[in-house]
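>>> 3D, please:
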Amino acid sequence: MLGLSKLRLSYTAGEAIGHDIFTFYRSLGLNLKQMYASTEASVFITIQPDGEVRPETSGTPAIDVEVRIEDDGEIMFRGPGVFQAYYKNEEETKKTKTEDGWVHTGDAGYLDADGHLHIIDRSKDVGKLNDGTMFAPKFIENKLKFFPHIKEAVAFGHERDYVAAFINIDLESVGNWAERRNLPYSGYTDLAGQEPVYELIRECIGKVNADLAADPHLKGSQIKRFLILHKELDADDGELTRTRKVRRSHVSEKYDALIKALYSGADHCAVEAEVTFEDGRTGVFNADLKILEAELAQAPQTQAAE
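Just a heads-up that it's a prediction; the model follows:
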């Protein structure tokens, strides 16, 4: 049906795909592997070797390629395919490539004990919690959005004691879930505020925390508290770009009171927000949002060899 019956080997690169999508194609018998590539590298930086295909990594360094991680988490590489220079742009070349051939990628990640590279986020977006734990908001948000019930998420934590999150539910998915349980609702806001829906999202966050707990680099960045926003983040309200990327600074400024409540220990927070309707009209919306504690996971214990 997919037209892939004669395919013997395929690779995915660019931004990492979700574990579920990767596993789905592998389950069909498709020999799909992940790689980390760059034009500045003449493509190859890391690639998954035979027998070492893992949905959460981008593989090990390609032949004759070296990879190192800077103190701020940025991935750097050098190898035989490194570019000579940007065309007629010496200044940008000096910013990207060191004199001894190492190239700045602008991506953040780490190498695990087996030498596999894990891509976390763009290095400029990676922060740290107050205890020094790496905080990669986009990485956490993408994990949350793998769940069909979660349409959008915004994670906070840089220079704070713990990670907290805003959640937008997916109205169609959660609506179907509610109807199967005879749970009445009048619209997005009504459905988002109901206790069973909060527990549904809490369960999703618990699974994300379990995944984070299994990663020694990220176990300290589990989501501790969350709330479900009273409205969907919208490009018309300046909260998203037209390509549906979160405008983090705008959201942080607009919902500053909600962020403060997440870190205050309060169990609810009143909000008043201006919204733009589909016909272009604007109005003011008032709501009292619940704030819940998420379930934190313990790191799995490794069994000692006899």
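>>> residue 5: neighbour count?
9 (other Cβ atoms under 10 Å). (C-beta placed from N, C-alpha, C; glycine too.)
>>> got it, and the one 10 residues further on?
Counted with other Cβ under 10 Å, residues neighbouring residue 15 total 9.
>>> could you do residue 118 as well?
A count of nearby residues for residue 118, using other Cβ under 10 Å, gives 20.
>>> wait, it touches residue 110, no?
Yes - Residue 118 is in contact with residue 110 according to Cβ atoms under 8 Å; the separation is 5.5 Å.
>>> mutual contacts of the two, please.
Both residue 118 and residue 110 are in contact with residue 217, where contact means Cβ atoms under 8 Å, 6 or more residues apart in numbering.
>>> can you map out the helices along this structure?
19-27, 90-96, 137-145, 171-180, 188-192, 195-213, 248-254, 256-262 (DSSP state H).
>>> tell me the most buried of the ones you listed?
Ranked by mean neighbour count, the helices of the chain are led by helix 137-145 with a mean of 22 (mean count of other Cβ atoms under 10 Å).
>>> could you measure from the residue nearest to residue 271 when sequence neighbours are not counted over to residue 172?
Nearest residue to residue 271, sequence neighbours excluded (Cβ to Cβ, 6 or more residues apart in numbering): residue 287, at 5.4 Å. For residue 287, the distance to residue 172 (Cβ to Cβ, to the nearest Å) stands at 21 Å.
>>> hmm, back to that, doesn't residue 192 make contact with the residue nearest to residue 271?
No - with contact defined as Cβ under 8 Å, residue 287 does not count as touching residue 192 (9.1 Å).
>>> between those two, what contacts are shared?
Common contact partners of residue 287 and residue 192 (Cβ under 8 Å, 6+ apart): residue 230.
>>> how about stretch 44-64: buried residues?
Judged by neighbour count (16 or more other Cβ atoms under 10 Å), stretch 44-64 contains these buried residues: 44-48, 54-55, 57-62.
>>> what is the nearest of the residues you listed to residue 102?
Checking the buried residues of stretch 44-64 against residue 102 by Cβ to Cβ gives residue 45 as the nearest, at 12.1 Å.
>>> show the contacting residues for the closest one.
Applying Cβ under 8 Å, 6+ apart to residue 45 gives the contacts 35-38, 61-62, 65, 67, 77, 79, 105, 117.
>>> if you rank these by neighbours, which is first?
Of these, with other Cβ under 10 Å as the count, residue 36 tops at 28 neighbours.
>>> identify the bridge partners of that residue.
As for beta bridges, residue 36 partners with residue 46 under DSSP bridges.
>>> mind checking how far it is from residue 293?
Distance, residue 36 to residue 293, using Cβ to Cβ: 36 Å.
>>> what's the neighbour count on residue 264?
For residue 264, the neighbour count with other Cβ under 10 Å is 11.
>>> give me the distance between it and residue 291.
Counting by Cβ to Cβ - residue 264 and residue 291 are separated by 9 Å.
>>> can you list the neighbours in contact with stretch 175-185?
Applying Cβ under 8 Å, 6+ apart, the contact partners of stretch 175-185 are 149, 191, 194, 196-197, 200.
>>> mind doing that once more with 10 Å?
Contact with stretch 175-185 is made by 148-149, 169-171, 174, 187-188, 190-197, 200, as judged by Cβ atoms under 10 Å, 6 or more residues apart in numbering.
>>> about what we covered before: distance to residue 84 and mean pLDDT added to the helices of the chain, as CSV?
What follows is the helices of the chain, written out as CSV (distance: least, Cβ to Cβ, whole Å; pLDDT from 0 to 100):
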stretch, distance to residue 84, mean pLDDT
helix 19-27, 34, 87
helix 90-96, 8, 96
helix 137-145, 32, 91
helix 171-180, 49, 96
helix 188-192, 53, 93
helix 195-213, 40, 96
helix 248-254, 36, 92
helix 256-262, 46, 95
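>>> the ones you listed: which one's closest to residue 73?
Minimum separation from residue 73 across those (Cβ to Cβ) falls at helix 137-145, 11.2 Å.
>>> thanks a lot, see you next time.
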